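Enquirer: starting from these lines, generate the structure:
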Amino acid sequence: MKTTDYEQQAIDFANKFGIKLAILGSEYKPMWGEQTKRTVFKIRLSRNMENYTFEFGQSIAHGNNEPSMYDILACLTKYDPESFDDFCASYGYDTYSRSAERIYKAVCKEYNAVERLFGDILDELSEIQ
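Expert: So this is what the prediction gives:
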């Protein structure tokens, strides 16, 4: 299978900054409150003695194919979600929604982990889309 330009960009970025991707396992299950099952991988990114472990839900179209470095890096939250009100305004959520609040907290948690792992190279990471 040929490596796309996007995939190569992510590989080069990972090599340049010493980023390691480990796939720790997978399950076939629903994610995000959906009924449809998908392959959900347990992922660990490592850099400079720091780690971030999380679940990555593979697209249904890609079945049980392991995600690439590009798949993972492109999906990370790279921008500060700021306040809950700002988040809701940006993404069209109702500020009275408990679901929106859960999503906001999850996005904040991910952003904090991304900032801890990639804070000094966040601008470069943001170029991977």
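Enquirer: which stretches of this protein form helices?
Expert: 5-17, 69-75, 84-91, 98-118, 122-126 (DSSP state H).
Enquirer: pLDDT weak spots in this protein?
Expert: 1 (pLDDT under 70).
Enquirer: so residue 68 touches residue 7, yeah?
Expert: Yes. Assessed by C-beta atoms under 8 Å, residue 68 is found in contact with residue 7 at 5.6 Å. Bear in mind the C-beta positions are built from the backbone N, C-alpha and C, glycine included.
Enquirer: pull the contacting residues for the residue positioned nearest the centre of the chain.
Expert: By C-alpha atoms, centre = their mean, the mean C-alpha position of the chain lies nearest to residue 76, the distance being 3.1 Å. Neighbouring residues of residue 76 by C-beta atoms under 8 Å, 6 or more residues apart in numbering: 110, 114, 125.
Enquirer: equivalent analysis for residue 55, please.
Expert: Contacts of residue 55 (C-beta under 8 Å, 6+ apart): 31, 40, 41, 42, 43.
Enquirer: partner residues bridging residue 51?
Expert: Counting by DSSP bridges, residue 51 is bridged to residue 46.
Enquirer: hmm, back to that, from the contacts of residue 76, pick the one nearest residue 25.
Expert: Checking those against residue 25 by C-beta to C-beta gives residue 110 as the nearest, at 19.5 Å.
Enquirer: chain center to stretch 78-87: distance?
Expert: Relative to its parent chain, stretch 78-87 has a centroid offset of 16 Å by C-alpha atoms, centre = their mean, to the nearest Å.
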